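Engineer: the following comprises the amino acid sequence and a computationally predicted model.
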Amino acid sequence: MRIDLRPRTLLIHVALIATALVMLYPLIWMVVSSLRPGNEIFREPGLLVKDLQIENYRAGWNALTEPFTRYLLNSAVVVLGSIVGNLVSCSMAAYAFARLEFSGKKIWFAIMLLSIMLPIHVVIVPQYILFSQAGWINTFLPLIVPKLLATDAFFVFLMVQFIRGIPRELDEAATIDGCGRAGIFLRVILPLMVPALATTTIFTFIWTWNDFFGQLIYLTDPHMYTVPVALRSFVDATSSSSWGSMFAMSVVSLVPVFLAFLLGQRFLVKGIATTGIK
Amino acid sequence: MQKRDNVTAYLFLSPWLVGLFAITIGPMIASLYLAFTDYNLIEAPAWVGLENFTRMLSDERLHNSLRVTFTYVFVSVPLQLAIALLLAVVLDRGVRGMAFYRSVFYLPSLLGSSVAIAILWRQVFGTEGLLNQVLALVGVEGKGWISDPSTALGTLVVLNVWTFGSPMVIFLAGLRQVPTMYYEAAAVDGAGPLRRFFGITLPLLTPIIFFNLVLQIIHAFQSFTQAFVVSGGSGGPSDSTMFFTLYLYDRGFGNFDMGYASAMAWFLLVVIAIFTGVNFLVSKYWVFYEN
């Protein structure tokens, strides 16, 4: 393969690499700083590590009421529940919208699309009242139950788009073989929509892992804190001396998202390209 | 026409329908009602008519939060989209390593809404932060970018611009739809690269620009986490990062003034709806659909 050395091409690469560096430098620096003595954060802008140590991680892990393991587990429970909820409820609704004929379909579909745009603030106060009367404050239920009820309508839309691309002949063939609607959904559509399910899984994972507003409102007991809420309580409790451990725990909180990004890139890019999401 | 299967369809839709009524429409109606009441979660809501809304008219902090939010939306969204478009166009020209660059530029959009990045921002733009350390190397004396009311909002704008990766990916997908024969024809006619960009790429991309614009504006109006964490929950210094959503949270969940918070939420909904509506109306004059 010949390497293109025309000045123009080189210039473009230099510009792109410079942009990438500026964008990623703070992230890389945060990782490096978390491995240095805490006070160096305020005087060492470079990336060299003279004294590599994991003291910040040890200190950060136990700096709050509970060990950080607890917050990671709490986040994992919320994330897992949300993923299962979204996969089941959104795929069912999407199948109905994409394949079945029923009265009121157009109106329901329009309402579904509108609900994607609805700011959470318009419903958060009554939701809070509803869930607190149910005794659900400081449980994970307010964060998981809505997902079981397909309130992340965005994924319904994503799956509808995907199912529309699956040839109807397959449904018809299955009908001839004696499959009912449920059979077609379970045996034909679901196996074929695995890429859409993967996209949903990865986005639900990342969004729920990062979500702050809902978790801030519903989880006030330090035992129930998830990672974002714990991190933010760290900010409140912190003096400048514990920046090192705060950086360390921030890095820990970003690792799962980074892994999901590495493993799921293909689905993420496809998901955005077909539906145009954040 | 295909035969209808109402029963099956509604069974499949049932989880979504329950959610729609119990968790979305029900609470929407309830919050519309609460907007006309005084309610502190303990005593029963007391009907006060339009009082919450007249109070909004004279609430200086609320007016300030609107100014902050509008500035944030109308500075950060155009900047973010311009950079996203520029890089998409560059990457679309078949740069070697395009997939790598795309991933690198996309990564911040996945991390940008996290508390961890807000913490990083607090440090980077702090008085002794990374930015000032770097500036010191070249002999420039920095300042506390976050503690200065005139620049605090700017750091949040930078953060939003930093997440230009997701609109960029959408632009890239759109650019791939532009038929190469248009460019070939234009090249034969002697059009230079700039002419081709403004004559072909930009007009054909207007539906996607419009789409990104609508999406990012709606999104930016609702920003919360970053301002909340960067300002330590206060919206400070001197309310300079007090987004409308932060003020709403402060009223509702800080002071349990749920009636007022509900009125604010409905106001926000109407503002977003108006901007989206205007966006659609104006789009007739600049968005170009091929067919």
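Structural biologist: Sure thing, it's come through.
Engineer: excluding its backbone neighbours, what's nearest residue A:16?
Structural biologist: Spatial nearest neighbour of residue A:16, chain neighbours left out: residue B:101 (5.4 Å); criterion: C-beta to C-beta, 6 or more residues apart in numbering or on different chains. To be clear about C-beta, it is placed using only N, CA and C from the backbone, and glycine gets the same treatment.
Engineer: give the contact list for that neighbour.
Structural biologist: Residue B:101 is in contact with A:16, A:20, B:87, B:91, B:95, counting by C-beta atoms under 8 Å, 6 or more residues apart in numbering or on different chains.
Engineer: tell me which helix or strand it sits in.
Structural biologist: Using DSSP states H and E, residue B:101 falls within helix B:98-111.
Engineer: that helix - what's its average pLDDT?
Structural biologist: The average pLDDT within helix B:98-111 is 92.
Engineer: list the buried residues of that helix.
Structural biologist: Neighbour-count burial for helix B:98-111 flags B:101, B:102, B:103, B:104, B:105, B:106, B:107, B:108, B:109, B:110, B:111 (criterion: 16 or more other C-beta atoms under 10 Å in any protein chain shown).
Engineer: let me have those in CSV, extended by distance to residue B:15.
Structural biologist: Formatted as CSV, the buried residues of helix B:98-111 follow (distance: C-beta to C-beta, whole Å):
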residue, distance to residue B:15
B:101, 41
B:102, 36
B:103, 35
B:104, 39
B:105, 37
B:106, 32
B:107, 33
B:108, 34
B:109, 30
B:110, 28
B:111, 31
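Engineer: farthest-separated two in these?
Structural biologist: The largest separation in those, counting by C-beta to C-beta, is between B:101 and B:111 at 17.1 Å.
Engineer: and residue A:197, how far from residue A:191?
Structural biologist: Computed as C-beta to C-beta, to the nearest Å, the residue A:197 to residue A:191 distance reads 10 Å.
Engineer: torsion angles phi and psi at the nearest residue to residue B:160 once chain neighbours are set aside?
Structural biologist: Among residues not flanking residue B:160 along the chain, residue B:76 sits closest, at 4.0 Å (C-beta to C-beta, 6+ apart). Here is the backbone geometry of residue B:76 (degrees, to the nearest 10): phi -70, psi -40.
Engineer: now do the one 4 residues further on
Structural biologist: Here is the backbone geometry of residue B:80 (degrees, to the nearest 10): phi -60, psi -40.
Engineer: report the contact partners of it.
Structural biologist: B:160, B:161, B:163, B:164, B:167, B:216.
Engineer: run the last query once more with 6 Å
Structural biologist: Contact analysis of residue B:80 by C-beta atoms under 6 Å, 6 or more residues apart in numbering or on different chains lists B:160, B:161, B:164.
Engineer: and chain A, is stretch B:104-117 touching that?
Structural biologist: Yes. Contact of stretch B:104-117 with chain A (C-beta under 6 Å from any C-beta of the partner chain) involves B:104, B:110, B:113, B:114, B:115, B:116.
Engineer: of all those residues, which comes closest to residue A:205?
Structural biologist: For those, the nearest to residue A:205 is residue B:110 (10.3 Å; C-beta to C-beta).
Engineer: alright, that wraps it up for me.
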